[in-house]
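Student: would you be able to build a 3D model of this:
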Amino acid sequence: AVDSDVLGDVATRELVPGGADKAVTEENKQEFVALRLEGALLQTTKRNVDAFVRGVYAVVPPELFLLVSSRDLALMLSGTPTIDVDEWMEHTKYHGAFKRRGAEHPVVQWFWEALRDMRPARRAELLQWTTGHARVPVQGFSHLMGRDGQLRKFALTSVALESACYPRAHTCFNRIDIPLYTRKADLVEAFEFVLDLSDDTFTMD
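Tutor: You can find the predicted model right below:
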């Protein structure tokens, strides 16, 4: 049996019938740990889990879950963990000094080159910093959404180097403002800095 304190009231819950009078010994300790773990994971959260499931079923009929696998469901909820840089580029808009030349602008070229050089986990960090999501929607970059639930393409906007030293993310709009660096090394160093900083108040709107 285990005791729990709820707002000053101590309640005893038996893990097995007659458990309140049964001591934990060397012989039954594994059984006790297994029952205690089961209780902690299932019984104590049962009301919360039941409420969550009822909420899901209120939106999605239970029979529809028979048509998808657990992997399909995970992809629909969380998106794909693979980040395709070519697809990312294809669904990007450009503003400011980048608008006319787009992906041909030197600073934009440096950005995509730096992104390709990143390890997958670092790319996910950049996506998270920019959009608020570390995964791509299951339909791909064409279905990126803003915080208002509307489809919003990823965007790169130029800013004068005199007015900003570091890139700035606008997660509501899936947009990065990039200073007009004169060297690729400066761009790479700046992105590494803001991603390492991980300070939302400094880098995100």
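Student: any stretches of this protein with poor pLDDT?
Tutor: For the chain, applying pLDDT under 70 flags the ranges 1-7, 43-44, 71, 74-80, 198-205.
Student: would you map the strands across it?
Tutor: 2-6, 9-13, 92-95, 154-159, 168-170, 175-179 (DSSP state E).
Student: now the helices: where do they sit in this structure?
Tutor: Taking DSSP state H as the test, the helices found in the chain are 29-38, 46-59, 70-78, 85-90, 106-117, 120-131, 184-197, 200-203.
Student: which of those sits closest to Ile176?
Tutor: Shortest distance between Ile176 and the helices of the chain, using CB to CB, is found for helix 120-131: 5.6 Å. (Each C-beta comes from the backbone N, C-alpha and C, glycine too.)
Student: what angle separates that closest one from strand 175-179?
Tutor: Angle between the axes of helix 120-131 and strand 175-179 is 100 degrees (criterion: axes from the mean of the first three to the mean of the last three CA atoms, to 10 degrees).
Student: report the inter-axis angle for helix 120-131 versus strand 154-159.
Tutor: Using the same axes, to 10 degrees: helix 120-131 against strand 154-159 is 70 degrees.
Student: ok so, going back, among the strands of the chain, which is the most enclosed?
Tutor: Per residue and on average, the most neighbours among the strands of the chain fall to strand 175-179, with a mean of 22 (mean count of other CB atoms under 10 Å).
Student: I'd like the helices of the chain as a markdown table, with distance to Lys99 appended.
Tutor: Formatted as a markdown table, those follow (distance: least, CB to CB, whole Å):
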| stretch | distance to Lys99 |
| --- | --- |
| helix 29-38 | 58 |
| helix 46-59 | 40 |
| helix 70-78 | 33 |
| helix 85-90 | 15 |
| helix 106-117 | 10 |
| helix 120-131 | 19 |
| helix 184-197 | 19 |
| helix 200-203 | 23 |
